[in-house]
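**Student:** What would the 3D arrangement of this be:
(one chain, ligands or ions: 1)
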Amino acid sequence: MASSEPIVYINSEYLPQSQACVSVLDRGFLFGDGVYEVIPVFGGKPLRLNEHLDRLQRSMDRVSLSNPLSRDQWKEVFSLLLEKNPGADRSIYLQVTRGAAPVRDLSVEADIDPTVFVMVNDIKPVDYARLENGIEAITVDDFRWKACDIKSVSLIANVMIRLQANAKSVMDAVMVRDGLVTEGTASNIFVVQNGVISTPPKSDCLLPGITRDLVIDLARANNFVVEERDIRQSELQTADEIWLTSSTREIAPVVKLDNRPVGDGVAGEYWRKLIGIYQDYKQELRHG
Ligand SMILES: Cc1ncc(COP(=O)(O)O)c(C=O)c1O
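**Tutor:** Residues are numbered from 1 along each chain as shown. This is a model prediction of the structure:
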């Protein structure tokens with residue numbers, strides 16, 4: 001039992017998961033006062049590691065949290081944890097909260113130590129036959145705050161919106177703010193129409209996804225036309241293809257939205273091409 005238990009990193013220690021503890025006064029627990037990252041790892045190689053660490057730094061700057069580890073220290077923790085938790089494809093989950101103060105108070109004590117937690121999870125190999133079936137989604141009003149660019153552990157709004165989708169027996173929701181499409185509950189969105197691939201521009205209304213940027217780079221490198229522009233909700237109804245992208249989901253085609261087929265109601269030809277290019281990129285990362 002003990003040997004199969006995952007080893008996690010908690011505040012400078014490597015411990016079996018069941019022995020890792022956090023104070024009940026931790027501000028992450030009490031207020032959702034923390035930030036996180038999810039970094040996929042293929043063949044032992046983290047995908048776009050520097051970009052993930054850049055985004056972590058930006059999230060921390062936005063919430064006035066100083067980074068407890070240097071870039072090299074983060075990399076050292078990741079490689080030790082990957083060594084201690086051998087496996088095939090994995091994802092690194094890291095979370096930094098503002099730490100535990102002596103009393104529950106919204107005001108921040110100057111001298112508390114942040115809580116640093118890192119774990120490694122298996123990524124199930126993507127089942128492409130299943131991915132190709134696509135997912136169903138609904139559109140939902142994006143009532144979140146105007147700081148969605150922070151990868152905050154406070155995800156209650158995303159949970160509420162995901163619950164709305166699940167209550168309608170669909171997997172996800174596409175969020176819309178003031179008539180403009182923002183993102184999925186845990187993913188960015190792409191729309192394909194007349195051969196042009198579009199995605200909303202970065203702003204405080206959406207998370208700057210690492211997969212989003214990678215898909216844009218790979219598409220442009222392969223001579224696809226990609227536009228970062230506002231997408232009106234009405235465009236979802238006429239789109240040939242809609243995709244949701246994230247580190248764990250990669251590129252998922254949405255085949256039905258609000259109970260209506262997207263395009264032909266099946267994964268489209270642009271998705272097919274891009275998912276192939278994405279797989280090649282992962283293979284190169286594994287063996288490069
Ligand atoms: C709200 C939201 N948008 C977008 C993404 C996609 O980000 P990434 O591609 O870095 O996984 C995520 C990932 O969890 C997310 O939670």
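**Student:** Only C-alpha atoms from now on, for both contacts and neighbour counts.
**Tutor:** OK.
**Student:** Pull up the gap between Asp204 and Phe31, please.
**Tutor:** According to C-alpha to C-alpha, to the nearest Å, Asp204 and Phe31 sit 21 Å apart.
**Student:** Following the chain past the helix or strand of the chain with the lowest mean pLDDT, name the next helix or strand.
**Tutor:** Here the helix or strand of the chain ranked lowest by mean pLDDT, DSSP states H and E is helix 128-133, holding a mean of 90. Counting by DSSP states H and E, the next helix or strand C-terminal to helix 128-133 is strand 135-141.
**Student:** can you pull the contacts of whichever residue of the stretch 1-150 of the chain sits closest to the ligand?
**Tutor:** Residue of the stretch 1-150 of the chain nearest the ligand, by C-alpha to the nearest ligand atom: Val38 (6.5 Å). By C-alpha atoms under 8 Å, 6 or more residues apart in numbering, the residues touching Val38 are 52, 91-94, 247.
**Student:** can you rerun that using 10 Å?
**Tutor:** Neighbour list for Val38: 52, 56, 91-95, 118-121, 151, 210, 246-248 [criterion: C-alpha atoms under 10 Å, 6 or more residues apart in numbering].
**Student:** what's near enough to touch the nearest residue to Ser23 once chain neighbours are set aside?
**Tutor:** Spatially, and ignoring its direct neighbours in sequence, Ser23 is nearest to Ala100 (6.4 Å; C-alpha to C-alpha, 6 or more residues apart in numbering). Going by C-alpha under 10 Å, 6+ apart, Ala100 touches 22-30, 109, 112-115.
**Student:** Counting neighbours, which of those comes out on top?
**Tutor:** Gly28 (24 neighbours; other C-alpha atoms under 10 Å).
**Student:** my read: it touches Arg104, true?
**Tutor:** No: assessed by C-alpha atoms under 10 Å, Gly28 is found out of contact with Arg104, at 11.5 Å.
**Student:** So in the chain, which helix runs the longest?
**Tutor:** Ranked by number of residues, the top helix in the chain under DSSP state H is helix 269-287.
**Student:** So which bits of it are buried?
**Tutor:** 270-271, 274-275, 277-278, 282, 285-286 (16 or more other C-alpha atoms under 10 Å).
**Student:** returning to what we had before: same for the least confident helix or strand of the chain, what does it pack against?
**Tutor:** strand 250-257, helix 269-287 (3 or more C-alpha pairs under 10 Å, 6 or more residues apart in numbering; DSSP states H and E).
**Student:** Tabulate these (CSV), appending distance to the ligand and mean pLDDT.
**Tutor:** Converted to CSV, the helices and strands packed on helix 128-133 look like this (distance: least, C-alpha to the nearest ligand atom, whole Å; pLDDT from 0 to 100):
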stretch, distance to the ligand, mean pLDDT
strand 250-257, 8, 97
helix 269-287, 13, 96
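**Student:** Now tabulate the ones you listed in JSON lines and tack on distance to Pro68.
**Tutor:** Shown next, in JSON lines, are these (distance: least, C-alpha to C-alpha, whole Å):
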{"stretch": "strand 250-257", "distance to Pro68": "30"}
{"stretch": "helix 269-287", "distance to Pro68": "29"}
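**Student:** can you list contacts of stretch 25-32?
**Tutor:** 22-24, 33-35, 95-106, 108, 114-115, 152-156.
**Student:** I misspoke; the intended subject was stretch 161-173.
**Tutor:** Contacts of stretch 161-173 (C-alpha under 10 Å, 6+ apart): 135-144, 156-160, 174-175, 183-187, 244, 254, 256-259.
**Student:** Restricted to buried residues, select those residues in ChimeraX.
**Tutor:** To isolate the buried members of the contacts of stretch 161-173 in ChimeraX, using 16+ other C-alpha under 10 Å:
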select :135,136,137,138,139,140,141,142,144,158,174,175,183,184,185,186,187,244,254,256,257,258
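**Student:** Distance across stretch 36-55, terminal residue to terminal residue?
**Tutor:** End-to-end span of stretch 36-55 (C-alpha to C-alpha): 10 Å.
**Student:** This completes my enquiry, with thanks.
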